[in-house]
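*Asks:* sharing a sequence plus its predicted fold:
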Amino acid sequence: MATEHSLTRALRELLASQRTAALGTLDDDGAVFVSMVPFAVDPQDPSLVIHVSGLAAHSRNLQHTPRVSVLVCQAEAAGEPVHALPRVTLDAVATVAEPGSADAMACRGVYLARFPEAEPMTALGDFRFVRLRPQGARQVAGFGAARSLAAAEVNQALGPPP
């Protein structure tokens, strides 16, 4: 049985414990726009899945420039130092799933497994599922525990546990 690196396990646990991320996109003029997005992890197709409205600025931005940045950070606890909060910044490429496609249905299943209360939103015509496929990442697992990761290493953390 293969053992998983402790930082990979910490990354997997961070992504499992947090349900929202900061999504950074670029508009047509190259200005940065950051928004909050709920996300689910698809271990079968290592990616983050988000469900976004076509009316939202980040949706227009990621269709124009599919390279995005995603920050997932552990929530702060009262009285605890914030400088060493576990977090990861993913460099990713966004792909909008074609409505009604097999990929959109797979995304829907993954997303609703995490957010069953969002089911009515999946019937709204202006919403789309988007896969965020990591190209690399920078992980901070705590003070003095930071590393850069290639896409393959991030995909290992997104995939099924060993």
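*Replies:* Yes, it's here.
*Asks:* quickly find the element holding the residue positioned nearest the centre of the chain.
*Replies:* Within the chain, one residue has its C-alpha closest to the average C-alpha position: by CA atoms, centre = their mean, that is residue 48, at 4.0 Å. In this structure, residue 48 is located in strand 47-53 according to DSSP states H and E.
*Asks:* let me know the next secondary structure element after that strand.
*Replies:* Toward the C-terminal end, the helix or strand that comes next after strand 47-53 (DSSP H and E) is helix 57-64.
*Asks:* in its sheet, what does the next helix or strand after that following helix sit against?
*Replies:* If you walk from helix 57-64 toward the C-terminus, the next helix or strand you reach (DSSP H and E) is strand 67-73. Strand pairing for strand 67-73, determined by DSSP bridges: strand 20-26 (antiparallel), strand 87-96 (antiparallel).
*Asks:* can these go into JSON lines with extra columns for mean neighbour count?
*Replies:* C-beta: built from backbone N, CA, C; applies to glycine. Listed next are these as JSON lines, based on neighbours: other CB atoms under 10 Å:
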{"stretch": "strand 20-26", "mean neighbour count": "20"}
{"stretch": "strand 87-96", "mean neighbour count": "20"}
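*Asks:* closest one to residue 118 among these?
*Replies:* strand 20-26 (12.8 Å; CB to CB).
*Asks:* and whichever helix or strand comes after the closest one, what's its mean pLDDT?
*Replies:* The element immediately downstream of strand 20-26 (helix or strand, assigned by DSSP H and E) is strand 32-38. Strand 32-38 shows a mean pLDDT of 96 in the predicted model.
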